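*Asks:* Sharing a model that was predicted from the sequence below.
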Amino acid sequence: NSTPELIRYALSGLKRIYRSGHRYKKAGMLATGIVPAETVQGSLFDTVDREKHRRLMEVTDRLNHRMGRDTLQFAVQGFAKSWGLRQERLSPGYTTRWEELMTVGANAECGMRSAELGMLDG
């Protein structure tokens, strides 16, 4: 539940695997096995101020809900980019969006009347 803690572990992992001179690509990650915070057993040697993190996340979430997504961010999240996602491998919209599906019509010379093609009216 703590973005600062997630960031700390992510940066620690990146420092371990980063190699200068290699090319990297942006990738995502999938978090599984997530359980409610109340069911996690704390550690006797935990040095993180969990209450402070809880309050910080509560205020952050409340402000972002009231003022709009990403109004308040952590510095490592970066700034809004003027460029969009790379889309050279993007599927054509007509494969996933009804409103972009091509409409085909026929004329009387083909022997079909538009009434027979009612499903093509939109």
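*Replies:* Right, received. Where do you want to start?

*Asks:* His53 versus Pro4, what's the distance?
*Replies:* Distance, Pro4 to His53, by Cβ to Cβ, to the nearest Å: 6 Å. In short, each C-beta sits where N, CA and C put it, glycine included.

*Asks:* again, but for Thr39
*Replies:* Thr39 is 18 Å from His53, by Cβ to Cβ.

*Asks:* neighbour count winner among those two?
*Replies:* His53 (15 against 6; other Cβ atoms under 10 Å).

*Asks:* Need the pLDDT of the residue nearest the centre of the chain.
*Replies:* The residue lying closest to the centre of the chain (Cα atoms, centre = their mean) is Gly28, at 8.7 Å. pLDDT, Gly28: 83.

*Asks:* helix, strand or coil for it?
*Replies:* coil (DSSP: H, G, I helix; E, B strand; the rest coil).

*Asks:* what do you get for Leu14?
*Replies:* helix.

*Asks:* Count the neighbours of Leu72 for me.
*Replies:* So Leu72, with other Cβ under 10 Å, has 13 neighbours.

*Asks:* same thing with Val35?
*Replies:* For Val35, using other Cβ under 10 Å, the count is 7.

*Asks:* mind checking how far the biggest helix by length in the chain is from the chain centre?
*Replies:* Taking DSSP state H as the assignment, the helix of the chain that covers the most residues is helix 50-67. The chain centroid and the centroid of helix 50-67 are separated by 20 Å under Cα atoms, centre = their mean, to the nearest Å.

*Asks:* For it, which residues meet the burial criterion?
*Replies:* Thr60 (16 or more other Cβ atoms under 10 Å).

*Asks:* Convert it to CSV, retaining C-alpha atoms only.
*Replies:* The C-alpha atoms that make up helix 50-67 are tabulated as CSV, following Å, rounded to 0.1, in the frame of the first residue of the first chain:
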residue,chain,number,x,y,z
ARG,A,50,4.0,2.2,8.2
GLU,A,51,1.6,4.8,9.8
LYS,A,52,3.4,7.7,8.2
HIS,A,53,3.3,5.9,4.8
ARG,A,54,-0.4,5.1,5.2
ARG,A,55,-1.2,8.8,5.9
LEU,A,56,0.9,9.9,3.0
MET,A,57,-0.8,7.6,0.6
GLU,A,58,-4.3,8.6,2.0
VAL,A,59,-3.6,12.3,1.4
THR,A,60,-2.1,11.6,-2.1
ASP,A,61,-5.1,9.5,-3.1
ARG,A,62,-7.6,12.0,-1.8
LEU,A,63,-5.9,14.9,-3.6
ASN,A,64,-5.7,12.9,-6.9
HIS,A,65,-9.3,11.9,-6.6
ARG,A,66,-10.4,15.5,-6.0
MET,A,67,-8.1,17.3,-8.4
